[in-house]
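Q: Sequence and predicted structure, then a few things I'm wondering about:
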Amino acid sequence: MTSERPLDETQTLEQPPPPGRARKLRNYMIAGLLIWLPILITVWVVRFLSGILDQSLVLIPPPWRPEALFGRYIPGLGIILSLLLLLVTGMLVRNLFGRQIVEGLESLVRRIPVVGPIYGGAKTFSETVLADKGRSFKQVVLIRFPYEGTYSIGFITAEEIEEVQAKTGSDVICVVVPHTPNPTGGFIVLVPRDQLIYLDMSVDEAVKLVLTMGVIVPPWRNRPPGPRLAPPQSGP
């Protein structure tokens with residue numbers, strides 16, 4: 001017969017064994033990483049953007065730059081100059097005279113070989129994404145992609161695709177399915193309008209979902225009252 005070791009009064013069979021030292025160290029490392037990783041990413045993005053904005057100092061003639069006037073480089077001065085430049089440019093194009101000047105310069109740039117098509121594409125993309133024109137990148141949808149039975153997050157980019165709609169005989173919508181965790185790339189999928197599933201989540205929430213590979217799931221604000229959907233039961 002084998003002797004059984006009596007259980008301690010405070011110990012039950014349902015209690016899991018205490019984590020080992022290696023697992024504790026791993027948990028501490030993950031907890032520290034969750035604190036520092038967002039901070040480091042934020043610092044890197046801010047430094048990257050500030051470095052780009054700081055390059056606006058090249059617009060100042062060399063005798064007027066901080067290095068020539070003060071004998072040293074002043075960090076952040078280019079950012080202030082960039083913000084002032086954006087403000088002045090926005091105020092300029094808001095009046096009729098300034099708009100005509102900008103349109104004349106844009107027309108001249110568009111006639112330059114190689115440079116013209118690049119500028120035209122960048123201009124169209126900027127107006128589509130940043131300006132309040134149409135519904136491009138302003139509606140989050142679900143589509144059946146990459147095959148039937150699966151769904152992918154997508155953003156509507158165009159609804160009037162006349163040639164494709166005429167030749168397919170279907171009211172198709174252009175949807176961009178972003179890559180994760182880098183949403184700057186993705187797939188362009190033409191989906192029939194009646195197969196789109198419109199979501200309540202905002203574009204910012206969907207981008208967070210893509211960036212975090214599905215870890216950060218936005219709450220469903222418009223969820224109807226009642227019990228939550230139960231997961232499907234597996235067969236016997």
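A: Done, it's in. Note that the coordinates shown come from a computational prediction; the quantities given were computed from them, not determined experimentally.
Q: would I153 count as being in a strand?
A: Yes: assigned with DSSP: H, G, I helix; E, B strand; the rest coil, I153 falls within a strand.
Q: need the longest helix for this protein.
A: In terms of residue count, the longest helix belonging to the chain (DSSP state H) is helix 21-54.
Q: from the middle of its chain, how far away would the helix or strand just after that one be?
A: Per DSSP states H and E, the first helix or strand lying C-terminal to helix 21-54 is helix 66-69. Averaging C-alpha positions (CA atoms, centre = their mean, to the nearest Å) puts helix 66-69 38 Å from its chain's average.
Q: With stretch 91-107 instead?
A: Here the centre of stretch 91-107 is set off from its chain's centre by 31 Å, with CA atoms, centre = their mean.
Q: How about residues contacting that stretch?
A: With CB atoms under 8 Å, 6 or more residues apart in numbering as the test, stretch 91-107 has contacts from 119, 123. Bear in mind the C-beta positions are built from the backbone N, C-alpha and C, glycine included.
Q: For that stretch, list the C-alpha coordinates in PDB.
A: C-alpha atoms of stretch 91-107 as PDB (Å, rounded to 0.1, in the frame of the first residue of the first chain):
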ATOM      1  CA  MET A  91      -5.400  81.500 -44.300                       C
ATOM      2  CA  LEU A  92      -4.000  82.300 -47.700                       C
ATOM      3  CA  VAL A  93      -6.000  79.600 -49.600                       C
ATOM      4  CA  ARG A  94      -9.200  80.500 -47.800                       C
ATOM      5  CA  ASN A  95      -9.600  83.800 -49.700                       C
ATOM      6  CA  LEU A  96     -10.300  84.100 -53.400                       C
ATOM      7  CA  PHE A  97      -7.000  85.800 -54.300                       C
ATOM      8  CA  GLY A  98      -4.800  83.300 -52.500                       C
ATOM      9  CA  ARG A  99      -6.800  80.300 -54.000                       C
ATOM     10  CA  GLN A 100      -6.200  81.600 -57.500                       C
ATOM     11  CA  ILE A 101      -2.500  81.900 -56.800                       C
ATOM     12  CA  VAL A 102      -2.300  78.300 -55.500                       C
ATOM     13  CA  GLU A 103      -4.400  77.000 -58.400                       C
ATOM     14  CA  GLY A 104      -2.100  78.700 -60.900                       C
ATOM     15  CA  LEU A 105       1.000  77.200 -59.200                       C
ATOM     16  CA  GLU A 106      -0.600  73.800 -59.000                       C
ATOM     17  CA  SER A 107      -1.400  73.900 -62.700                       C
END
